[in-house]
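predicted coordinates and the sequence they were generated for:
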Amino acid sequence: MKTKYTKAGKIAHFSTFIKRILCVFVVLIMLACSICGCTGEESGGSTQKKKEDKKIQIGMTFDSFVIERWQRDRDVFVSMAKELGAEVNIQNANGDISEQKKQIEYFIKKGMDVIVIVSIDSMALKANIQKAKDAGIKVIAYDRLISDSNVDFYISFDNEKVGEMMGQALVDNGLENGKVIMVCGPHSDNNVPMVGKGFKDVMKEHGNEIIDTFYADGWKAELASDYMDKNMSSVIDCDAIMCGNDDIASRVVTALSEKRLAGKKLVVGQDADLEACQRIVEGTQLMTVYKPIEKLAQAAAEIAVKMAKGEEITAAGGRTSTISDGTYEIPCLKIEPVSVTAENMDEVIIKSGFHLKEDVYLNVHDKTEED
Ligand code: BGC
């Protein structure tokens with residue numbers, strides 16, 4: 001017998017029918033989504049984005065790129081990190097500590113996995129680093145140690161050794177019971193006292209007297225020029241000038257040449273900047289310290305990626321140990337520097353590909369013509 005519907009009954013029946021269809025439709029959509037692995041709001045394009053978002057994110061802040069070496073540090077670090085599947089956000093603080101703090105805050109907000117810092121002022125970043133650590137972000141002090149901040153890792157060269165090598169080069173060149181001036185980088189860079197210690201120890205051992213010490217704020221080489229101009233009588237009196245780096249050595253040698261003293265005072269520096277290598281083969285600078293940036297930057301990128309993955313840190317090509325940041329013991333890797341003079345220039349600098357032979361010997365025509 002056919003059921004007879006009232007008008008109201010018909011409407012109720014129709015709306016139940018529509019509801020059922022809608023339910024089936026919703027279930028089908030959910031099934032399709034679970035097979036594709038997307039949520040209700042995501043399209044195919046954003047699935048791709050989500051995958052990319054999963055890449056390890058590294059934020060790296062540099063003091064500045066004024067000194068030749070740092071561009072190499074950046075380029076090697078970025079390419080190694082990319083090779084290991086990470087993304088790197090590079091920031092340049094232009095020597096301004098408040099800018100560097102802002103950059104660290106930005107990295108924290110962005111939820112980076114690791115923050116790598118070439119600190120401008122080793123005493124000024126404690127609170128920012130604490131904040132990063134509270135947010136579960138790993139922090140690496142790159143090249144320069146950061147004081148009292150309990151960073152997760154410190155990677156650098158053996159800076160005390162850098163100073164010892166500078167001192168040893170002077171001694172090997174006959175400096176005993178002589179007079180030495182130190183034109184250093186700023187106190188705020190932790191490497192400065194480390195290099196200074198290594199250097200002074202060797203000077204002391206050989207009866208050499210440090211007759212004056214100057215600290216160039218912010219590694220500004222022009223301040224070294226001012227120092228030289230204002231202190232020419234001590235400069236004339238000294239036998240050797242230890243320069244905090246090759247950029248400072250550039251200014252020191254220029255000031256010496258203006259007084260016809262270039263090549264007559266022993267000058268040492270560090271970084272193996274191209275111009276310093278040229279001065280060495282030309283005879284106006286005695287030595288520099290070559291620091292294999294490739295090794296440092298590659299190892300740092302590897303460590304950063306391992307940290308982000310929560311893996312154990314095992315470092316090749318250097319000594320893993322710990323170092324005190326003044327309050328905490330920090331795991332660290334120190335890479336060996338190499339002393340460079342005219343004698344081993346080809347062996348160390350040219351063979352490693354750090355600089356090209358034609359660039360280093362640019363102004364030494366005899367040498368290039370011989371080859
Ligand atoms: C580094 C040097 C560099 C200097 C200025 C120091 O901390 O050890 O290699 O020349 O900073 O950037």
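Happy to help now that I have it. Since the model is a prediction, treat every value here as computed from it, not as a measurement.

okay, now the one residue in the stretch 101-250 of the chain that gets nearest to the ligand: neighbour count?
At 3.5 Å from the ligand, Asn245 is the closest residue in the stretch 101-250 of the chain, using C-beta to the nearest ligand atom. All C-beta spots, glycine's among them, are computed from the backbone N, C-alpha and C. Neighbour count of Asn245, defined by other C-beta atoms under 10 Å: 28.

that one contacts Trp219, doesn't it?
Yes - with contact defined as C-beta atoms under 8 Å, Asn245 reaches Trp219; the gap is 7.1 Å.

shared neighbours, these two?
Ile67, Gly185 (C-beta atoms under 8 Å, 6 or more residues apart in numbering).

residues touching Gln91, list them.
Per C-beta under 8 Å, 6+ apart, neighbours of Gln91: Gly59, Met60, Thr61, Phe62, Gln103, Tyr106, Phe107.

dump those residues to JSON lines, plus distance to the ligand, pLDDT and secondary structure.
Output for the contacts of Gln91, formatted as JSON lines (distance: C-beta to the nearest ligand atom, whole Å; pLDDT from 0 to 100; DSSP: H, G, I helix; E, B strand; the rest coil):
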{"residue": "Gly59", "distance to the ligand": "20", "pLDDT": "98", "secondary structure": "strand"}
{"residue": "Met60", "distance to the ligand": "15", "pLDDT": "98", "secondary structure": "strand"}
{"residue": "Thr61", "distance to the ligand": "14", "pLDDT": "98", "secondary structure": "strand"}
{"residue": "Phe62", "distance to the ligand": "9", "pLDDT": "98", "secondary structure": "strand"}
{"residue": "Gln103", "distance to the ligand": "17", "pLDDT": "98", "secondary structure": "helix"}
{"residue": "Tyr106", "distance to the ligand": "22", "pLDDT": "98", "secondary structure": "helix"}
{"residue": "Phe107", "distance to the ligand": "21", "pLDDT": "98", "secondary structure": "helix"}
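
quick one: which two of those are the most distant?
Phe62 and Tyr106 (14.1 Å; C-beta to C-beta).

show me which of those two is the more surrounded one.
Phe62 (25 against 15).

any idea what the more buried one is bridged to?
Asn92 (DSSP bridges).

so where's the stretch 51-200 of the chain uncertain?
Residues of the stretch 51-200 of the chain that meet the criterion pLDDT under 70 lie in 51-53.

around the ligand, pick out the residues from it.
Within the stretch 51-200 of the chain, the positions adjacent to the ligand are Ile67, Arg69, Asp143, Arg144, Gly185, Asp189, Asn191 by C-beta under 6 Å from any ligand atom.

how about the fifth one, nearest residue that isn't a chain neighbour?
Spatially, and ignoring its direct neighbours in sequence, Gly185 is nearest to Gly244 (3.9 Å; C-beta to C-beta, 6 or more residues apart in numbering).

domain-wise, how is this structure divided?
Split into domains by automatic domain parsing, the chain comes to 55-157+293-335, 159-291+339-370.

now do the strands in the stretch 251-371 of the chain.
Secondary structure of the stretch 251-371 of the chain (DSSP state E, counting those that start in this stretch): strands at 266-268, 288-290, 319-324, 329-335, 338-340.
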